[in-house]
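J.: let's see this in three dimensions:
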Amino acid sequence: MDQPKIIVAVRKRPLSKKESKEGQKDIVEVQGNTVIVREPRVKVDLTKFIEEFNFTFDAAFDQQYTNEDLYQQLVKPMVQAAITGTKITCFAYGQTGSGKTYTMLGDYNVVGIYTLAAYDLFQLITNSIVLSVSFYEIYCSKLFDLLNDRVQLIAREDAKGQVNIAGLSETKVHSVQEFQKTVEMGIKSRVTGQNSVNQDSSRSHAILQINLRQHNKIIGKLSFIDLAGSERGADVVEYHKQTRIDGAEINKSLLALKECIRALDLNKNHTPFRGSKLTQVLKDSFTGNCRTLMIGTISPCHKDAEHSLNTLRYADRVKELKAPQASSSVDQLTRELMLPRQYIMNNYLFESPQAVKSNSPPKLFDHDNGDQYEDEVQMKPNRNSNLKDKYDELIQQILDEERALKKAHRDHIDDLIELVNDEMKLLQAVDQPNSDIEEYVDGLDHVLMLKIEKIMRLRKKLQQFKQHLMDEQDLAHQCQTHFYQKPHQN
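T.: The predicted model follows:
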C-alpha cells in the first residue's frame with residue numbers, strides 16, 4: 001500500500017505548574033485520533049454552559065506521549081524514506097507556547113525531532129553519503145541565514161524553475177554531536193538577532209534543512225519548519241502598523257501553504273508556490289517524490305481555547321483537502337465558515353462580532369428569518385472580497401516598495417560618494433596656480449544640480465512609500481470599523 005503524501009497530526013501539551021497554580025482548567029481530551037475541546041461559555045442571559053468540539057486526524061497525542069513516541073510513530077518512517085530519495089517536509093503549527101519548539105528542538109533534558117532524526121540518519125547512511133545542514137528564518141518576506149551572522153538572503157528562480165537561495169551557508173556534519181552544535185548555533189543566532197531588532201520569534205518561520213549528498217549529488221532532503229505563532233495571524237486588526245503588516249504576511253504564508261498542500265495531494269499540474277516566500281523556498285520539497293507531515297500543537301488551557309480551536313480548524317482544513325471535493329454549495333459555505341478566526345477576518349470582514357467571536361460556525365438557518373439570513377451569509381464573501389483584495393495588494397506593494405526603497409537609498413549613498421570625490425577634485429584643481437575659476441564654478445554648479453536631482457528622486461520614492469503606509473492605516477481602520485460595527489437589527 002502506498003504511503004500517504006500528507007499526514008496531519010495534533011499534539012496536546014500538559015498544563016504547566018504556573019497554569020495549575022493559576023487555576024487553569026484542562027479543556028482538551030484526546031480519544032484515539034479524535035481531539036475533543038470542551039469550552040466553557042456564557043449565554044446572553046449569563047447562563048454558563050459547555051460547548052463541545054470534535055476533530056479527527058491521522059494521529060493525535062495527549063500529554064502522556066513523548067517526543068520519542070511521536071517520532072517513532074510518524075517521523076521515523078519518513079526519515080527512512082529520505083535515504084531512498086524521498087523529499088521530507090515536517091511542519092509544526094500552533095500558537096506561541098503550545099509546544100512547537102519543544103517538539104522540534106526539545107529542551108535540556110529531552111531531545112526533539114531534529115536530533116532524533118539525526119541519530120537515525122547517521123545509523124542509516126553509508127560512508128559515501130555526506131550529511132549537511134542549512135538553517136534560516138523567514139521574517140516578513142525576508143530570509144536570514146542563522147548559520148552566518150543573520151546575513152540577509154535572496155531567493156531566485158532559475159530558467160529551469162528551480163528556486164535557489166543565493167548565499168545560503170551549508171555546514172557539513174559528521175556526527176550527532178556536530179549536528180546538535182550546529183543547530184544550537186543557529187538557535188542562538190536567531191535569539192540574538194531577534195533581541196537586537198526587537199523581533200519576536202513567533203513572528204518568523206524557522207527552517208532547518210538536512211541534505212544527503214552522494215558524489216556531490218543530493219539524493220535526499222529533509223526540511224523541518226517551526227512556523228510562526230498561529231495567533232499572530234489575528235494581528236491584522238491590531239493598531240500598530242508593523243504588527244498588522246507582520247500579521248498579514250503570516251496569514252498570506254499560511255494560506256499559501258495550505259493551497260500548496262492542496263495541489264500536492266490532488267496531484268495538480270500547477271502548484272501556487274509564488275503565493276508566499278515560505279512556499280517559494282520550499283518549492284523543491286513539494287515536487288516530485290515527496291511526503292509531508294503537519295503537527296498541530298495545542299494548549300490544554302481554557303484561556304487558550306480560541307487559539308487551540310483555530311489551530312485545530314486549520315489542521316482540519318488541511319486534512320479535509322485529502323477528501324473528495326463536495327459539490328454542494330451549502331457544504332462548501334459551511335466549511336468556509338469553520339475556518340480559523342484570522343482567515344474569517346480576512347475573507348468575511350463585515351461578519352457580525354457575534355459570529356466571529358463565537359468558536360462555533362453560525363447556523364445556516366435562523367428559525368425566525370432563515371431564508372434572509374442564509375442569503376446574507378452567502379452574499380458577504382462577494383461584498384467583502386474587493387476590500388480584502390485591496391488590502392492584500394497594498395500589503396504586497398508595501399513589502400515590495402520597502403525593498404526597492406532601501407536599494408535606492410544604498411545606490412543614492414554610492415552616487416553621493418562619487419559626487420563628493422568630484423567636489424574634492426574641483427577644490428584641488430582650483431587651488432592650483434593658474435586655475436580657471438569659471439571652470440570651478442561651472443563644475444560645482446553641475447555637481448550640486450546632480451545632488452539635488454538625486455535627492456529629489458529618492459525623496460519622491462520616499463513620499464510615495466509614506467503615502468502607501470498612510471493608505472494602509474486608513475484601510476486597516478476601515479476593516480476594523482466594518483468588522484466591529486454593530487450588526488443590523490431586523
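
J.: Phe53 pairs with what?
T.: Going by DSSP bridges, Phe53 is paired in beta bridges with Val37.

J.: okay, it: pLDDT?
T.: Looking at Phe53, its pLDDT is 92.

J.: next: Lys17.
T.: 89.

J.: report the separation between Asp145 and Arg190.
T.: With distances taken as Cβ to Cβ, to the nearest Å, Asp145 is found 11 Å from Arg190. For the C-beta atoms, the positions are set from N, CA and C on the backbone; glycine is no exception.

J.: just checking, Asn109 is part of a helix?
T.: No: read with DSSP: H, G, I helix; E, B strand; the rest coil, Asn109 is coil and lies in no helix.

J.: okay, now it: neighbour count?
T.: 5 (other Cβ atoms under 10 Å).

J.: and the helix or strand containing Asp445, how far out from the chain's middle?
T.: Assessed by DSSP states H and E, Asp445 sits inside helix 437-483. With Cα atoms, centre = their mean, to the nearest Å as the basis, helix 437-483 stands 32 Å off its chain's centre.

J.: just stretch 400-420 next, same as before
T.: 30 Å.

J.: buried residues, it. List them.
T.: Residues of stretch 400-420 classed as buried by neighbour count (16 or more other Cβ atoms under 10 Å): Glu401, Glu402, Leu405, Ala408, His412, Leu419.

J.: show me what that stretch is in contact with.
T.: Stretch 400-420 is contacted from outside by Val447, Leu450, Lys451, Lys454, Ile455, Leu458, Lys461, Leu462, Gln464, Phe465, His468, using Cβ atoms under 8 Å, 6 or more residues apart in numbering.

J.: next, give me the two most distant ones among the residues you listed.
T.: Val447 and His468 (32.4 Å; Cβ to Cβ).

J.: now the helices for this protein?
T.: For the chain, the helices defined by DSSP state H cover 17-21, 67-70, 76-83, 100-105, 113-124, 176-197, 241-265, 277-281, 305-320, 329-337, 341-347, 353-357, 370-430, 437-483.

J.: could you export those to JSON lines, including columns for distance to Glu29?
T.: As requested, the helices of the chain are arranged in JSON lines below (distance: least, Cβ to Cβ, whole Å):
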{"stretch": "helix 17-21", "distance to Glu29": "17"}
{"stretch": "helix 67-70", "distance to Glu29": "18"}
{"stretch": "helix 76-83", "distance to Glu29": "27"}
{"stretch": "helix 100-105", "distance to Glu29": "20"}
{"stretch": "helix 113-124", "distance to Glu29": "24"}
{"stretch": "helix 176-197", "distance to Glu29": "33"}
{"stretch": "helix 241-265", "distance to Glu29": "26"}
{"stretch": "helix 277-281", "distance to Glu29": "32"}
{"stretch": "helix 305-320", "distance to Glu29": "12"}
{"stretch": "helix 329-337", "distance to Glu29": "24"}
{"stretch": "helix 341-347", "distance to Glu29": "22"}
{"stretch": "helix 353-357", "distance to Glu29": "24"}
{"stretch": "helix 370-430", "distance to Glu29": "31"}
{"stretch": "helix 437-483", "distance to Glu29": "33"}
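
J.: tell me which of those lies nearest to Asn54.
T.: Closest among the helices of the chain, using Cβ to Cβ: helix 305-320, at 9.6 Å.

J.: chain center to the closest one: distance?
T.: With Cα atoms, centre = their mean as the basis, helix 305-320 stands 15 Å off its chain's centre.

J.: got the buried residues for that helix?
T.: So helix 305-320, judged by 16+ other Cβ under 10 Å, has buried residues 305-319.

J.: how much space between Glu39 and Thr182?
T.: Counting by Cβ to Cβ - Glu39 and Thr182 are separated by 42 Å.

J.: still on that earlier bit, mind giving me the PyMOL select for the contacts of stretch 400-420, buried ones only?
T.: Buried residues within the contacts of stretch 400-420, by 16+ other Cβ under 10 Å, are selected in PyMOL with:
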select buried, resi 447+454+458+465+468
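
J.: nearest to Ala159 among the contacts of stretch 400-420?
T.: Lys461 (30.8 Å).

J.: residue ranges of each domain in this structure, please.
T.: For the chain, the domain assignment from automatic domain parsing gives the residue ranges 6-328, 370-483.

J.: who's in contact with Asp436?
T.: By Cβ under 8 Å, 6+ apart, Asp436 has no neighbours at all.

J.: how near is it to Lys425?
T.: Counting by Cβ to Cβ, the gap from Asp436 to Lys425 is 14 Å.

J.: between Glu39 and Thr182, which one's more packed in?
T.: The neighbour comparison of Glu39 against Thr182 (other Cβ under 10 Å) goes to Thr182, with 21 against 18.

J.: which residues does Asp158 contact?
T.: Asn164.

J.: could I get the phi/psi values of it?
T.: phi -90, psi -180 (degrees, to the nearest 10).

J.: just the pLDDT for it.
T.: 74.

J.: separation between the residue of the chain positioned farthest from its centre and Ser299?
T.: Most distant from the centre of the chain: Asn434, at 67.0 Å, with distances by Cα atoms, centre = their mean. When distance is defined by Cβ to Cβ, Asn434 is 83 Å away from Ser299.

J.: check Leu146 too.
T.: Relative to Ser299, and taking Cβ to Cβ, Leu146 is found at 27 Å.

J.: now Gln123
T.: 35 Å.

J.: okay, these two: which has more neighbours?
T.: Ranked by neighbour count (other Cβ under 10 Å), Gln123 and Ser299 place Ser299 first, with 27 against 8.

J.: apart from its neighbours in sequence, what residue is nearest the more buried one?
T.: Ser98 (4.9 Å; Cβ to Cβ, 6 or more residues apart in numbering).
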